[in-house]
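**Student:** sharing a model prediction with you, sequence too.
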Amino acid sequence: MSQTEKQPFTPREIVSELDRYVIGQQEAKRSVAIALRNRWRRQQVPAELRDEIAPKNIIMIGATGVGKTEIARRLAKLSQAPFIKVEASKFTEVGYVGRDVESIIRDLTDLAIALVSEEEQKAVQASAESQAEELLLDALLPESSLPAVNSMTEAQPSGNETREKLRKLLRLGELEEREIEIELSDDSSGPSLSIMTPGGVEEMGLQFKDMLSGMMPKQTRRRRLNIADAREALVAQEALALVDGDKVRELAVRRVEDSGIVFIDEIDKVAIGGGGRQGADVSREGVQRDLLPIVEGSTVQTKHGPVSTDHVLFIAAGAFHVAKPSDLIPELQGRFPIRVELSSLGREDLIRILTEPTNSLVRQYTALLATEEIELVFEDSGIEAIADIAAAVNAHMADIGARRLHTVMERLLEELSFEAPDLGKERVVIDDALVGEIGRSRGGRGSFAFHPLTLKSVVRSSKLGPREQGRLEGAWRNRRASHTVEC
């Protein structure tokens, strides 16, 4: 189905889906949702106006841990389009050692090729399964095993009858564990050569490798597999063979040009703060100037053909603790007309993060310890105490947002996680009394003394007999030292 034939999520649906994983930050969610919907809207306008509609690139500004990267991760699943996330700090100016910014578009095109190829393979799945079944029957009943005959009219029905019996058994799944020998294409074979050039090193290497692979005959190798594994390998091989490579490349390039999305994280790391431009700042400004033609629209040469970036959507994000958005070069600032500031997370936000998302930390730890037959129950008071700890540490030290919850939860449950295999089936209730206290340490330099949930609290909440309880209390006394944590 083409991009214009399917209608993506509406902005309200996109925001609703993001709400399942990202707490708050409604302004950022709305901006991203509108930008995604505009990709589809552009495809519906008349052709003469379509090329004139440029994407409205977005720059998200906010401290670490407030949801920028999580929005990008979820956006990749919702976009239904080629999507790539890169970090600006990994790129260098052309002429310096490192990756040049044009590799972003090359990598995006490779992802689109894989995306379209997967879609095309699904379209021919039925044919691939049919051909794979015939190859399995050939391996189960090779021609040499057919009875020698003087009269073809007598032997042919016997061979066909045996083949049809095997086909029936295959479809019933009664031969899954039988081992057979099959021939599979060997993509790892063939010569390899590394080429070092100042620019586009990876592109030249890939093109040279493709050229050599085109000159050499395709290699195959025999493998001995059971029927279940052999079927899977043969279906994948036959589906790939049925796909038209030229059509895949054409569709992939068109999809990148019409609906590709690039998320550039850590954009503040290539911004230049006050104090002049010297040393590494020169390279940072060079990266910005190299990014500029790609963001404003240019043609990048890839091994799949030229790719235009005129209508690729760029979303940039950065904490901007040291530099400011205004420290980016003016030309690049102008290419990101929509600016969204993500707010810092407070106590109430942290409480919601612990409980509301589908993949919340409370659900994760509960599921992890359930594998050891430990029923972990978080009371509201315990969750509030955890959020209080995280908010207090964020207020007195570097604000790392929701990532602070990972530190607090891990230290809180460290002892229980260690002792869980020896406790047996237990029910542990986490409330504010068990969370512990956080206060300034003796050094007063930002460290916090943190008393985690220890084995003693587990013993108190357990229903063990006196003897077993005494054994566990003795083990606890040997391990009861409190921890000082650099949260």
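**Tutor:** On my side now, so go ahead. Numbering: from 1, shown residues only.
**Student:** quick check, Gly346 in contact with Ala391.
**Tutor:** Yes. Using C-beta atoms under 8 Å, Gly346 is in contact with Ala391, at 6.5 Å. Every residue, glycine included, has its C-beta placed from N, CA and C.
**Student:** okay, those two: which has more neighbours?
**Tutor:** Ala391 (20 against 13; other C-beta atoms under 10 Å).
**Student:** surely the more buried one is within a helix?
**Tutor:** Yes. Counting by DSSP: H, G, I helix; E, B strand; the rest coil, Ala391 is part of a helix.
**Student:** which one is it nearest to, not counting chain neighbours?
**Tutor:** Nearest non-adjacent residue to Ala391, counting by C-beta to C-beta, 6 or more residues apart in numbering: Arg347, 4.4 Å away.
**Student:** that neighbour and Ile430, how far apart?
**Tutor:** Arg347 sits 18 Å away from Ile430, going by C-beta to C-beta, to the nearest Å.
**Student:** next: Leu141.
**Tutor:** Leu141 sits 62 Å away from Ile430, going by C-beta to C-beta.
**Student:** who's more crowded, those two?
**Tutor:** For Leu141 and Ile430, the more surrounded residue by other C-beta under 10 Å is Ile430, and the numbers stand at 26 against 16.
**Student:** three-state assignment of Asn394?
**Tutor:** helix.
**Student:** show me the contacts for the spatially closest residue to it that is not a sequence neighbour.
**Tutor:** Distances taken as C-beta to C-beta, 6+ apart place Arg404 nearest to Asn394, at 5.4 Å, with adjacent residues excluded. By C-beta atoms under 8 Å, 6 or more residues apart in numbering, Arg404 lies in contact with 65, 350, 390, 393-394, 487.
**Student:** can you pull the contacts of Arg224?
**Tutor:** Arg224 neighbours (C-beta under 8 Å, 6+ apart): 179-181.
**Student:** which one of those residues is nearest to Ala420?
**Tutor:** Ranked by distance to Ala420 (C-beta to C-beta), the contacts of Arg224 are led by Glu179 at 40.7 Å.
**Student:** show me the domain layout of this structure.
**Tutor:** 11-115+250-341, 125-147+155-242, 347-485 (automatic domain parsing).
**Student:** what's the most buried one of those?
**Tutor:** Compared across these, domain 11-115+250-341 shows the largest average neighbour count, a mean of 18 (mean count of other C-beta atoms under 10 Å).
**Student:** quick one: distance of that domain to the chain centre.
**Tutor:** 17 Å (C-alpha atoms, centre = their mean, to the nearest Å).
**Student:** pull the helix or strand with minimum mean pLDDT from the protein.
**Tutor:** The weakest-scoring helix or strand in the chain, judged by mean pLDDT, DSSP states H and E, is strand 438-440 (a mean of 33).
**Student:** can I assume Pro82 is in contact with Glu257?
**Tutor:** No. With contact defined as C-beta under 8 Å, Pro82 does not count as touching Glu257 (9.7 Å).
**Student:** strands of the stretch 1-150 of the chain, residue ranges please.
**Tutor:** Secondary structure of the stretch 1-150 of the chain (DSSP state E, counting those that start in this stretch): strands located at 58-61, 83-87.
**Student:** which strand or helix spans the residue nearest to Asn394?
**Tutor:** Per DSSP states H and E: Arg404 is located in helix 403-412.
**Student:** could you give me the average pLDDT of stretch 84-99?
**Tutor:** Across stretch 84-99, pLDDT averages out at 70.
**Student:** can you give me the end-to-end span of it?
**Tutor:** The first and final residues of stretch 84-99 sit 15 Å from each other (C-alpha to C-alpha, to the nearest Å).
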